[in-house]
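> I'll drop the sequence and a predicted model, then ask my questions.
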Amino acid sequence: VGRSLSAELGDRLAGEGVSPTLRFVVQAALAMPENGRLLADIRAVLLDALGTDGVLLLPTTPQVAFPHTPRPPTTQPLFTGLANVAGCPALAIPAGRDGEGLPVGLQLIGPPRSEPALIALARRLAPTLGGPLLG
C-alpha cells in the first residue's frame, strides 16, 4: 500500500498539498519490508481459522488510547491490518474504558462476505462491552 500510494502521489508527497500525517504514514509503510509469501501465509492461516462462520475477537490496537498528536504510534495498524491482509471484513466496537477513562475498542474479523453476521454480532456485544453502537 505504501509503495502504490507513494507512486500515486509522486512529487506531491513532498509538497504542501499532503498532510504531515499522511506523509508520515506513507513513509512508515515504505520502511516496512515487503514479503509476499509471508502475507499469503497469514491470509491462509486466518481464512482456515475462520472457516465459513467463525469470528476472531481481538483488540483494535496493541496499546491503550493515546493523546492526539501529529504522529500516532507506528504500531497503530498492527491488529487492524490483519483483516486487510486476509481480505476479510472487520469492524470495531467500544469495549469500555481503561483505568484513566480512555476508550478501549475491540474488533471483530469474519470470513469474506460475512458483513451482515458481523454487524449483528456487534449489535449484540456492544451494549454489554461498552455502550450502544451508533446507527
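Perfect, I can see it now.
> What are the buried residues along the helix or strand where residue 30 lies?
With secondary structure defined by DSSP states H and E, residue 30 is part of helix 20-31. For helix 20-31, the neighbour count (16 or more other C-beta atoms under 10 Å) marks 25, 26, 29 as buried. Glycine gets a C-beta too; all of them are placed from N, C-alpha and C.
> One more: stretch 72-81?
Quick answer for stretch 72-81 (16+ other C-beta under 10 Å): 72, 76, 77, 79, 80.
> Determine which two of those are furthest apart.
Maximum pairwise distance among the buried residues of stretch 72-81 (C-beta to C-beta): 13.7 Å, between 72 and 79.
> Check the gap between the residue nearest the centre of the chain and residue 100 for me.
For the chain, residue 80 is the residue whose C-alpha lies nearest the centre (C-alpha atoms, centre = their mean; 2.1 Å). Distance, residue 80 to residue 100, by C-beta to C-beta, to the nearest Å: 22 Å.
> Perfect, that will be all.
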